[in-house]
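>>> would you be able to build a 3D model of this:
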Amino acid sequence: MTESLLDRIAGIGAAVALIDDSTGIETSFAALADQARDATERLRAAGVSAGDVVKLDGEAGANTLALLLALQALGTVVALDTSTVPAERSDKAALARAVWQLRPETGHRPEAIPPEGDEAPLVAQLREAGHAGLILFSSGTTGRPKAMLHDLDRLSASYLGGAPRTKPLRLLLFLMFDHIGGINTIFSSLAQGTTLVLPAERTPLAVAGAIARHRVQVLPASPTFLNLMLMSGAVEAHDFSTLRMITYGTEPMPEGLLGLLRSRLPRARLLQTFGTSETGIVSTVSRASTSLAMRFDDDAVEHRIVDGELWLRSRRRIVGYLNHPMDAFTDDGWFRTGDLVEETPDGFLKVKGRAKEIINVGGEKVFPAEVEGVLMASGLVADCKVFGQPNAITGQAVMAEIVPAPDAVPADPAALVKAVKAHARERLDPFKVPVRVKIVTDIPYSARFKKLISREAS
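Residues are numbered from 1 along each chain as shown. Below you'll find the model as predicted:
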């Protein structure tokens, strides 16, 4: 009989699986498995059955993780949602064509809901194959979210190669429960016997406090959040002596910020990760903690570069979209990521940025991450966002919003702007130097701690 993730969790036994920082409650792997089995019986008794689409709302915790495992055991299709906005929740339920919902405000009691339309053909396909499913939603910042259907059994099985670790390891669960990065962290940690520390809040001080209190060794986060931690003073205010690895991804890392992280947290190794909701997370190796070059080290994933764009073909890819054409996929299964990369002769990749974010200045390409890295390395800038704006002569012009470093705020703001531009001119081609530099108090970011170009989107 093939081992399931629930079987693996039950077999790990008395070791601590979860630590809830808000309550201090610890849950063992065995207890989590028992909760999942109890939940399976409750859900079955309520009428939830194989092939049903069930919307599971709420943040990751012992209860929601047990429910996810139970819903997989029942063979359902689970749509995850951490949103607290009623209209967004309703829209996602409609996109998923959910027939059940489990909400935290009702104690996750199964509630039948009228489906929006007939069963999706891809869901029927999974049900006929006898497989559980997982629906993840895109951020929806450029329109209605895409509903992406994964084969949950195939996805979770990909984490079961090799035995659980024998040496204890603690990892802070920062990435969202309804994001592929969060799912990757959860499944890999539970399969390996790693303890997940659940922070009370996703704020720099709360995360830093949880790292110190629970002696966390691994922190996965976005570059934006890592910079917010540096800016907040959380690194100096808390004990980070146990932190041994920081993994970063979801957006380009400015080279200047990487240098700051290395100098402020010298004992932690820095590892760049990569993945997409459509193809899953890819195992990577960084050239060094000081380098933005990485290499893929994953038997489940192939890659190629076409006209500078990274294409992936993965055994962890989605079954398909429920509400969007598969035009990003080729007929033979390659996914066009939209990320532009450079590859070195020895196989290392450097992500230059998203194709849709390139600034075209008179035919010359400018990658925001490169300019941001230079500005961040100046010592004058605590945070920044570089973007393009229309220009009648060059088509686009480079613009920058900056948050001044605490010790770099002059009496005359114009002097700071002049100094920042001078620093950029010494290190960048003329067309890459920001035409306009605006001083702001903060840089907008999404709920998933990725920088936003538009302040209205925040």
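>>> when you work out contacts or count neighbours from here on, use the C-alpha atoms and nothing else.
Will do.
>>> which residues touch the closest residue to residue 292 other than its chain neighbours?
Leaving aside its chain neighbours, residue 292 sits nearest to residue 350 (6.1 Å; criterion: Cα to Cα, 6 or more residues apart in numbering). Neighbouring residues of residue 350 by Cα atoms under 8 Å, 6 or more residues apart in numbering: 292-294, 341-343.
>>> which of those residues sits closest to residue 160?
Checking the contacts of residue 350 against residue 160 with Cα to Cα, the nearest one is residue 294 at 24.2 Å.
>>> hmm, back to that, buried subset of the contacts of residue 350 as a ChimeraX selection?
Here is the ChimeraX selection string for the buried members of these, based on 16 or more other Cα atoms under 10 Å:
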select :292,293,294,341,343
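>>> among the contacts of residue 350, which one lies nearest to residue 311?
Looking across those and measuring by Cα to Cα, the closest to residue 311 is residue 341, at 10.1 Å.
>>> so the closest residue to the closest one other than its chain neighbours: helix, strand or coil?
Ranked by Cα to Cα, 6+ apart and with sequence neighbours excluded, the top spatial neighbour of residue 341 is residue 351, at 4.4 Å. For residue 351, the secondary-structure state derived from DSSP: H, G, I helix; E, B strand; the rest coil is strand.
>>> can you give me the strands in the stretch 301-450 of the chain?
For the stretch 301-450 of the chain, strands defined by DSSP state E, counting those that start in this stretch occupy the ranges 301-306, 309-314, 320-321, 335-343, 349-354, 359-361, 364-366, 381-391, 395-404, 436-439.
>>> residue 373: which of these is closest?
Of all the strands of the stretch 301-450 of the chain, strand 381-391 sits nearest to residue 373, with 9.2 Å by Cα to Cα.
>>> sheet-wise, list the partners of the closest one with their directions.
Based on DSSP bridges, the pairing partners of strand 381-391 within the sheet are strand 395-404 (antiparallel).
>>> chain center to the strand it pairs with: distance?
Its chain's C-alpha centre and that of strand 395-404 lie 26 Å apart, by Cα atoms, centre = their mean, to the nearest Å.
>>> and stretch 335-352, by the same measure?
Relative to its parent chain, stretch 335-352 has a centroid offset of 19 Å by Cα atoms, centre = their mean.
>>> and the residue nearest the centre of the chain?
The geometric centre of the chain, computed from its C-alpha atoms, lies nearest to residue 181 (Cα atoms, centre = their mean), at 4.1 Å.
>>> if you average pLDDT over the host helix or strand of that residue, what comes out?
If you go by DSSP states H and E, residue 181 is part of helix 180-192. For helix 180-192, mean pLDDT is 96.
>>> what is that helix packed up against?
Contact here means 3 or more Cα pairs under 8 Å, 6 or more residues apart in numbering; DSSP states H and E; on that basis helix 180-192 packs against helix 5-12, strand 195-198, strand 280-282.
>>> just the ones you listed: most buried one?
Among the helices and strands packed on helix 180-192, strand 195-198 has the highest mean neighbour count (mean count of other Cα atoms under 10 Å), at a mean of 26.
>>> tell me which stretches of the stretch 151-300 of the chain form helices.
152-157, 180-192, 204-213, 223-232, 234-237, 255-264 (DSSP state H, counting those that start in this stretch).
>>> for residue 363, which of these is the nearest?
Comparing the helices of the stretch 151-300 of the chain against residue 363 with Cα to Cα, the closest turns out to be helix 255-264 (24.6 Å).
>>> what angle do the helix ranked longest in the chain and helix 180-192 make?
Ranked by number of residues, the top helix in the chain under DSSP state H is helix 29-46. The directions of helix 29-46 and helix 180-192 differ by 120 degrees, with axes from the mean of the first three to the mean of the last three Cα atoms, to 10 degrees as the criterion.
>>> report all helices and strands that the following helix or strand past helix 29-46 contacts.
From helix 29-46 onward toward the C-terminus, using DSSP H and E, the following helix or strand is strand 53-57. The helices and strands touching strand 53-57, judged by 3+ Cα pairs under 8 Å, 6+ apart, are strand 77-81, helix 86-96, strand 100-102.
>>> let's see it at 7 Å
strand 77-81, strand 100-102 (3 or more Cα pairs under 7 Å, 6 or more residues apart in numbering; DSSP states H and E).
>>> can you list the strands that the first one pairs with?
Right, strand 77-81. Paired strands of strand 77-81, defined by DSSP bridges, are strand 53-57 (parallel), strand 133-137 (parallel).
>>> check the shortest one too.
Sheet pairing for strand 100-102, assigned by DSSP bridges, gives strand 53-57 (parallel), strand 111-112 (antiparallel).
>>> so who does residue 386 touch?
With contact set as Cα atoms under 7 Å, 6 or more residues apart in numbering, residue 386 has these partners: 368, 371-372, 398-401.
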